[in-house]
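Enquirer: Can you look at this prediction? I've put the sequence above it.
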Amino acid sequence: MLALVELRNVSIQLGRVQALRQVNLTLRANEIVTVVGESGCGKSTLGRAVLGLLKPSAGQVFYHGHDLFAPGFRMSDELRLSVQVVHQDSYASLNPVRRVGQQLAAPLKRHKLPGSVPQILEQVGLTPAEYFAAKLPFQLSGGQRQRVSLARAALLKPKLIVADEPVSGVDATLRLAILDLMRRLNQEGIAFLYITHDLATARYLGRGGRMLVMYLGQVIETGPVEMLLDNPLHPYLQALLAALPPLDPRRAREARPLPLRSLDMPDPTQPPGGCSFHPRCPYARPRCSQEMPPLREVQGQQVACHFAGEL
Ligand code: SF4
């Protein structure tokens with residue numbers, strides 16, 4: 001099956017920072033791919049690369065087999081509309097002075113799409129639809145605004161939605177409802193690239209799909225979500241998981257964060273040589289500062305660590 005979007009060995013330079021380094025990613029119809037990592041690891045840059053907003057300094061971005069940045073290539077409306085985005089800040093992504101109904105009706109009219117505003121609002125659980133259609137964005141809660149953002153992205157009938165931290169600004173009690181809505185849209189045929197720093201929501205929304213773990217612009221571990229979260233092989237993912245508080249508060253004393261050698265992310269303008277995680281890695285050996293570990297298959301996952309599987 002032809003991939004919806006494919007990144008082949010993509011590197012992206014933003015000023016002095018190499019924000020992405022030789023990233024490969026294939027997104028196929030109907031799947032959910034989750035990207036996790038700390039802030040500054042390159043996951044939002046990856047999202048923008050998938051949206052075709054950043055020209056790679058090396059490598060290629062393909063939409064349905066078309067090289068986006070090939071000389072002379074012009075993207076059709078159909079291709080452009082096939083990939084949509086939902087941002088973390090739903091307030092900033094909606095027009096503050098236009099009513100919800102107007103904001104949804106405009107793209108329907110512009111692109112001559114089927115469907116009506118009440119129908120779309122009902123689809124995302126904003127009922128009664130007339131009530132929400134008449135609201136201005138500031139009159140809605142964060143969760144309701146994020147539903148409007150998802151509705152606006154979904155009405156364009158995209159094949160893929162890039163969702164960049166869509167529940168970070170939403171009350172914890174409403175997060176599950178938004179994630180369930182995304183899951184339902186996925187079952188209706190929309191693939192998702194879900195970008196998050198939160199491993200709990202990664203497990204919830206991404207279950208059954210693939211996950212990429214990023215560090216300093218590189219993919220350092222990738223594979224099925226459950227496999228990575230239940231059996232992390234890279235010391236970085238092991239550290240992220242060890243730092244999570246246990247679900248059962250009675251087991252709080254058992255939580256033992258991995259003893260990282262440093263809590264600080266290195267300067268991204270001067271990433272360390274060899275394995276970029278070596279200044280923080282509790283298992284670093286001399287080889288780690290000299291040789292960059294390539295992604296290689298270990299126990300059914302792809303891991304960039306010289307000693308994965310032995311640690
Ligand atoms: S290659 Fe070395 S420094 Fe890097 S994660 Fe593996 S053990 Fe740690």
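Expert: Happy to help now that I have it. Residues are numbered from 1 along each chain as shown.

Enquirer: Residues of the stretch 201-311 of the chain that sit close to the ligand?
Expert: 234-235, 275, 277-278, 281, 283-284, 288, 293, 305-307 (Cβ under 6 Å from any ligand atom). The way it works is simple: take the backbone N, C-alpha and C, and place the C-beta from them, glycine included.

Enquirer: and with 8 Å instead?
Expert: 220, 234-236, 274-278, 281-285, 287-289, 293, 304-308, 311 (Cβ under 8 Å from any ligand atom).

Enquirer: Filter the residues you listed down to the buried ones, PyMOL style.
Expert: Remark: buried members of these, expressed as a PyMOL selection using 16 or more other Cβ atoms under 10 Å:
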select buried, resi 220+234+235+236+274+275+276+277+278+281+283+284+288+293+304+305+306+307+308
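
Enquirer: where along the stretch 201-311 of the chain do the strands fall?
Expert: Counting by DSSP state E, counting those that start in this stretch, the stretch 201-311 of the chain has strands at residues 210-215, 218-224, 296-298, 301-303.

Enquirer: cool, the stretch 51-200 of the chain as well?
Expert: Ranges of strands within the stretch 51-200 of the chain are 58-63, 66-67, 83-86, 160-164, 191-196, based on DSSP E, counting those that start in this stretch.

Enquirer: Would you verify that E6 is located in a helix?
Expert: No: assessed with DSSP: H, G, I helix; E, B strand; the rest coil, E6 is strand; it does not lie in a helix.

Enquirer: quick one: it and R28 touch, right?
Expert: No: E6 lies out of contact with R28 (Cβ atoms under 8 Å); the separation is 9.3 Å.

Enquirer: which SSE is V10 in?
Expert: Under the criterion of DSSP states H and E, V10 resides in strand 5-14.

Enquirer: Quick check: the gap between whichever residue of the stretch 51-200 of the chain sits closest to the ligand and L46.
Expert: Residue of the stretch 51-200 of the chain nearest the ligand, by Cβ to the nearest ligand atom: L199 (18.2 Å). Using Cβ to Cβ, to the nearest Å, L199 is found at 17 Å from L46.

Enquirer: who has more neighbours, those two?
Expert: Each of L199 and L46 has its neighbours counted (other Cβ atoms under 10 Å); L46 has more, 28 against 22.

Enquirer: Quick check, the more buried one in contact with V23.
Expert: Yes: applying Cβ under 8 Å, one finds L46 in contact with V23, separated by 6.3 Å.

Enquirer: what bits of the protein have low per-residue confidence?
Expert: 246-258 (pLDDT under 70).

Enquirer: how about the helices in it?
Expert: Applying DSSP state H to the chain gives helices spanning 43-50, 77-81, 90-93, 100-110, 117-123, 129-133, 142-154, 172-187, 199-206, 225-230, 235-242, 286-290.

Enquirer: Report the contact partners of L4.
Expert: When contacts are counted by Cβ atoms under 8 Å, 6 or more residues apart in numbering, L4 touches 27-29, 63-64, 82-83, 159-160, 191.

Enquirer: residues near H87, how many?
Expert: Count around H87 with other Cβ under 10 Å applied: 20.

Enquirer: ok, it - contacts?
Expert: If you count contacts by Cβ under 8 Å, 6+ apart, H87 has them with 93, 149, 164-166.

Enquirer: Using CSV, lay out these together with neighbour count and distance to the ligand.
Expert: Shown next, in CSV, are the contacts of H87 (neighbours: other Cβ atoms under 10 Å; distance: Cβ to the nearest ligand atom, whole Å):
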residue, neighbour count, distance to the ligand
S93, 17, 37
S149, 27, 37
D164, 21, 27
E165, 21, 26
P166, 30, 30
